[in-house]
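[1] quick one: sequence plus predicted model below, questions after.
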Amino acid sequence: MVFPRVSMRHGAQMAVLSLAALLVACSRGGAANAPAAPPPAEVGVLTIKPRTVSLQNELPGRVSALLVAEVRPQVGGIVLTRDFREGSDVRKGQTLYQIDPAPFRAAFGSAQATLARAQANVVAAQAKSDRYKELVQIDAVSKQAADEAIAAALQAEADVAAAKAALETARINLAYTRITAPISGRIGKSSVTPGALVTANQAQALATVQQLDSIYVDVTQSSAELLRLRRELAAGRLKTDAANQASVKLKLDDGTLYPVSGKLQFSDVTVDEQTNSVTLRATFPNPKQLLLPGLYVRAVLEEGVRENAILVPQQAVARDNRGNAIAMVVGADGKVAQRAVQVPRSVGNEWLVDAGLKAGDQVVFEGLQKARPGAQVKAVERVPGAGASAPAPAASAPGAAASAATPAPAAASGT
């Protein structure tokens with residue numbers, strides 16, 4: 001009974017040893033037949049080289065006329081004629097409307113007669129005053145009578161002065177029947193026609209004349225942008241060029257650039273409480289009168305020059321789950337590392353980086369879907385915007401596919 005028990009134990013041990021040998025053989029065979037590890041994924045990188053850039057700021061604005069004059073009648077009456085063509089250019093002093101002058105001519109004639117009568121009274125009163133002065137010396141008239149004669153002469157002279165003023169008023173009113181252009185410029189549509197009754201200083205303007213040879217562009221800049229600009233100037237990160245500081249360019253509503261540069265005229269000294277912004281005003285020549293009042297434009301202001309600026313392609317910056325800007329950098333060992341960056345504004349198609357990157361860093365901007373933190377990659381120097389098939393002169397390997405990362409929105413775009 002003992003021998004069969006030993007035989008069964010021995011058989012079990014042999015089975016275990018056979019199974020172990022089989023597993024070892026399979027594992028060795030599997031290792032020998034396993035495929036080789038894939039090469040590191042290629043990603044397009046840009047080696048950061050600080051450079052000097054000119055910073056600009058685009059601000060929304062509206063065009064307004066340099067001079068605006070609303071034409072209103074200064075006397076009432078019937079409009080006899082309209083002596084201009086709507087939409088034409090007029091000169092200062094040119095006749096625009098003619099109001100019926102008949103009643104004003106009559107008033108002027110009456111004022112002339114009143115003045116003549118007052119002047120005649122002066123002669124009589126002065127002669128009487130002179131005689132009474134002599135008679136009072138010999139007691140031929142009383143002192144009171146002499147004083148009254150002198151007072152009458154002075155009153156007659158005052159009447160003459162009043163008559164002259166009334167005559168001048170009548171002359172001015174008669175002249176006001178001819179309504180002239182207060183300034184040179186382009187006149188708009190007329191609100192009245194011949195035969196209409198107008199009143200002095202009425203609320204509705206007869207027409208509006210605007211001077212368009214030069215125009216204003218009023219733009220608004222947020223107080224935050226103004227503070228940022230001043231901080232950068234104070235820190236020395238931004239240097240201004242006195243020759244170009246006041247130069248302003250203009251982008252029209254259709255995206256085209258206005259061919260003539262303007263000059264910044266002034267900056268308001270207060271911040272608007274409703275919009276939290278500051279108003280800037282620039283002056284532009286407008287010889288062809290392309291810019292019309294009310295036109296929406298974007299003013300491009302030269303802020304200054306940033307030396308040793310670090311710029312990266314916009315597709316190289318993405319946002320993490322918290323909304324923070326990040327960039328992927330390839331180290332010397334070929335491994336990808338994630339960097340938190342500060343990108344306060346864009347410059348063209350690039351981000352201006354204030355912190356997080358330095359000169360010599362290799363920033364991934366192509367193949368970002370392959371560039372995971374800690375991943376081993378092959379960095380291929382490429383030219384941004386040249387496409388995946390255009391490596392930089394120092395590189396020889398083809399690039400990877402275009403990046404699938406989402407570009408980060410600007411924190412405070414200046415362009």
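    Nice, thanks for sending it over.

[2] so where do the helices sit in this protein?
    For the chain, helices defined by DSSP state H occupy the ranges 2-33, 102-135, 143-176, 223-235.

[3] any low-confidence regions in the stretch 251-400 of the chain?
    Scanning the stretch 251-400 of the chain for pLDDT under 70 picks out the ranges 385-400.

[4] could you tell me the least trusted of the helices of the chain?
    With a mean of 51, helix 2-33 has the lowest mean pLDDT of these.

[5] domain map for the protein?
    55-65+210-307, 73-100+178-204, 101-176 (automatic domain parsing).

[6] these two touch, right, residue 204 and residue 196?
    No. Using Cβ atoms under 8 Å, residue 204 is not in contact with residue 196; the gap is 10.6 Å. Any C-beta I mention is one placed from the backbone N, CA and C, and that applies to glycine too.

[7] neighbour count winner among these two?
    Counting neighbours by other Cβ atoms under 10 Å for residue 204 and for residue 196 shows that residue 196 has the greater number, 13 against 10.

[8] so what's the more buried one closest to, chain neighbours aside?
    In this structure, residue 196 finds its nearest non-sequential neighbour in residue 79, 4.9 Å apart by Cβ to Cβ, 6 or more residues apart in numbering.

[9] check residue 372 too.
    Per Cβ to Cβ, 6+ apart, closest to residue 372 is residue 336, 6.3 Å.

[10] what is the neighbour count of the one you found?
    22.

[11] quick check: beta-bridge partners of it?
    Note on residue 336: beta-bridge partners by DSSP bridges are residue 330.

[12] show me the contacts for it.
    43, 328-330, 364, 371-375, 377 (Cβ atoms under 8 Å, 6 or more residues apart in numbering).

[13] and the biggest strand by length in the chain, how far out from the chain's middle?
    Longest strand of the chain, by residue count under DSSP state E: strand 51-71. Put simply, strand 51-71 sits 5 Å off its chain's centre (Cα atoms, centre = their mean, to the nearest Å).

[14] partner strands of that strand and their direction?
    With DSSP bridges as the test, strand 51-71 pairs up with strand 207-222 (antiparallel), strand 296-313 (antiparallel).

[15] buried sites along that strand?
    Judged by neighbour count using 16 or more other Cβ atoms under 10 Å, the buried positions of strand 51-71 are 53, 55, 57, 59, 61, 63-67, 69, 71.

[16] next: stretch 302-309.
    Neighbour-count burial for stretch 302-309, counted by 16+ other Cβ under 10 Å, picks out 302-304, 306, 309.

[17] between all of the residues you listed, which two are separated the most?
    Farthest apart among the buried residues of stretch 302-309 by Cβ to Cβ are 302 and 309. That separation is 15.2 Å.

[18] right, and residue 247 touches residue 303 too?
    No. Between residue 247 and residue 303 there is no contact under Cβ under 8 Å: 11.1 Å.

[19] got a list of what residue 208 touches?
    Residue 208 neighbours (Cβ under 8 Å, 6+ apart): 68-71, 187-188.

[20] dump stretch 80-97 to PDB, keeping only the CA atoms.
    Taking C-alpha atoms only, stretch 80-97 is exported to PDB below (Å, rounded to 0.1, in the frame of the first residue of the first chain):
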ATOM      1  CA  LEU A  80     -37.200 133.000 -50.100                       C
ATOM      2  CA  THR A  81     -34.300 131.000 -51.600                       C
ATOM      3  CA  ARG A  82     -31.900 128.200 -50.800                       C
ATOM      4  CA  ASP A  83     -28.600 129.000 -52.500                       C
ATOM      5  CA  PHE A  84     -26.500 125.800 -52.200                       C
ATOM      6  CA  ARG A  85     -26.500 122.200 -53.400                       C
ATOM      7  CA  GLU A  86     -26.900 119.600 -50.700                       C
ATOM      8  CA  GLY A  87     -23.700 117.600 -50.100                       C
ATOM      9  CA  SER A  88     -21.500 120.200 -51.700                       C
ATOM     10  CA  ASP A  89     -18.500 122.100 -50.400                       C
ATOM     11  CA  VAL A  90     -19.200 125.600 -49.200                       C
ATOM     12  CA  ARG A  91     -17.000 128.500 -48.200                       C
ATOM     13  CA  LYS A  92     -17.100 130.600 -45.100                       C
ATOM     14  CA  GLY A  93     -19.400 133.600 -45.700                       C
ATOM     15  CA  GLN A  94     -21.200 132.000 -48.700                       C
ATOM     16  CA  THR A  95     -24.900 132.600 -48.800                       C
ATOM     17  CA  LEU A  96     -27.000 129.600 -47.900                       C
ATOM     18  CA  TYR A  97     -30.500 131.000 -47.400                       C
END
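
[21] buried stuff in it?
    82, 84, 89-90, 96-97.

[22] what do you get for stretch 213-233?
    In terms of neighbour count (16+ other Cβ under 10 Å), stretch 213-233 has its buried residues at 213, 215-221, 225, 228-229, 232.

[23] residue 139 and residue 152: what is the separation?
    Distance, residue 139 to residue 152, using Cβ to Cβ, to the nearest Å: 21 Å.

[24] which one of the two has more residues nearby?
    Regarding residue 139 and residue 152, a neighbour count based on other Cβ under 10 Å identifies residue 152 as having more, with 17 against 8.

[25] what sits closest to that one if chain neighbours are left out?
    Nearest non-adjacent residue to residue 152, counting by Cβ to Cβ, 6+ apart: residue 125, 4.7 Å away.

[26] roughly how far apart are that neighbour and residue 261?
    Using Cβ to Cβ, one obtains 71 Å as the distance from residue 125 to residue 261.

[27] and those two? Which one has more around it.
    Ranked by neighbour count (other Cβ under 10 Å), residue 125 and residue 261 place residue 125 first, with 20 against 17.
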